[in-house]
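> Here you go, sequence then predicted model.
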Amino acid sequence: MNGVTDVQDNMQDNLQDKDLQTAIITMLDRAKVWLWSMQEEGKPKGVLKISAAQDSAIWPGMLLPGSYNGLQSLHLIGGLDTLTPDERDRLAGWFLQSRQTDGTFRIEGMQAEDTFKKPDPLETKTYIDFHVSNYSLGALEAIDRLEAPVLDFIMPYLRREFLEAWLCRRDLRDPWLEGNNIVNLASFLLLKAQTATPDARKQIADAMETLFDWHDRYQEPSTGFWGLGQAHDATMALHAMAGSMHNFHLYYECGRTLPYQDRAIDYALSQPPKIVSACIDVDLVDLLVHGHDCLDYRRNDITQWLRALLPHLLAFQNPDGGFCDERSGIRRQDGWVNGYQEPQGLSNTFATWFRLIAIAMIADCLWPQWHPWHFRRMIGIGYRKGIGA
């Protein structure tokens, strides 16, 4: 009798899988149409607005994040096949107009006095430069035009004294922010190593060891995260998770054993599988999918959690085919506190990319090789260990 029940359960699971897979394909077709509808008139193919609300005459700078989010969305789901070599060249040339002499990418019109991430203006500038540059480089990688990027701005971080001093200033009261800082820096270091001389590769390897030493000293054993106050405040614990998901990428990419990864999995599984925000949702998925890949620990619980979240993510797609971050409030470009803003609830390329990453990671974990996803090779949001393309 148990054998018959098992067969019936498997048939039911397969039926549900088929329905979910069909829903994903339908979602992807609609998302591709919406993403390409953000094409900015008069610009190279692939220059995309952040949302339908963007007035590019007033906010031309938002075409940069609109494009790097949108192109990586399209790359992930196989939507860039229509770009010809000439179109890719023109698109790369457009991106490089935003690159500074040291290699950082900047958003046009973003003035220092209108930005804030930390009280120290240099810390704010570094955070924004790192963030915009990592994902601009990711877009160039997505269109196969990354080549040998200019990364002169990371040279100070190859000096141990400078890097150690910088790490001492990481504020673990805000681990979400610092997780972004660290994964972006590590992404640049690892990218630089690909074309560096042997001496420079040695410097980069030493810098990575310094980063790992810092991580080993400040990781919280009870959760596997970095961040203060995790045991006393649910919000701080959630933010520690969100920030640490970025730190984890260093371990995955470098083949290091991630200490206390089982504790991180336990925390993620304690969270309800429901929509919170584009960032929190993808962070939990990334943590659990990589945990499923790396450890033989609670794998059935992980797949059940992911399977429970997937229908909610699919249902969150807007009627126009894009995705929003949250349903209410105001959305701003990260750090540009007195700059571009639009209502939450609108489809935008930022949220669409993050939600597509979450769906793709879940699908690839539940049904390996079912669909040809193209995850980021560079660490940072959208990266999947060993499965970049």
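Everything's here; your move.

> Need the phi and psi values for the residue lying closest to N69 once chain neighbours are set aside.
Among residues not flanking N69 along the chain, T349 sits closest, at 3.8 Å (C-beta to C-beta, 6 or more residues apart in numbering). (Glycine included, C-beta is placed from N, CA and C.) Dihedral angles of T349 (phi, psi; degrees, to the nearest 10) stand at phi -70, psi -30.

> What count of nearby residues applies to T349?
Look at T349: counted by other C-beta atoms under 10 Å, it has 28 neighbours.

> who touches it in this structure?
Neighbour list for T349: 35, 38, 48-51, 65-67, 69-70, 73, 322 [criterion: C-beta atoms under 8 Å, 6 or more residues apart in numbering].

> swap in Q271?
By C-beta under 8 Å, 6+ apart, the contact set of Q271 is 238, 284.

> Helices of the stretch 151-300 of the chain, start to end?
160-168, 175-193, 198-218, 234-254, 261-270, 278-294, 299-315 (DSSP state H, counting those that start in this stretch).

> For G380, find the nearest of the ones you listed.
Smallest distance to G380 across the helices of the stretch 151-300 of the chain (C-beta to C-beta): 5.3 Å, for helix 175-193.

> Could I get the average pLDDT for the closest one?
The pLDDT scores in helix 175-193 average 98.

> quick revisit: tell me how far the residue nearest to N69 lies from D283.
Distance, T349 to D283, using C-beta to C-beta, to the nearest Å: 19 Å.

> Could I get the pLDDT score of K385?
For K385, the model assigns a pLDDT of 88.

> Please determine how far it is located from T126.
In terms of C-beta to C-beta, K385 sits 27 Å off from T126.

> same thing with L96?
For L96, the distance to T126 - C-beta to C-beta - is 21 Å.

> what about P272, how many residues close to it?
Using other C-beta under 10 Å, P272 has 9 other residues around it.

> and stretch 366-383, how far out from the chain's middle?
Taking C-alpha atoms, centre = their mean, to the nearest Å, the mean C-alpha location of stretch 366-383 is offset from the chain mean by 11 Å.

> Now do the helix or strand that contains A363 against helix 299-315, angle only.
Here A363, judged by DSSP states H and E, is contained in helix 349-366. Relative orientation of helix 349-366 and helix 299-315, computed by axes from the mean of the first three to the mean of the last three C-alpha atoms, to 10 degrees: 140 degrees.

> Could you pull up the mean pLDDT of helix 349-366?
pLDDT averaged over helix 349-366 gives 98.

> again, but for stretch 222-231
When pLDDT is averaged over stretch 222-231, the result is 96.

> ok, and what's touching it?
172-173, 175, 178-179, 215, 218-220, 236-237, 239-241, 243-244, 247, 258-264, 267.
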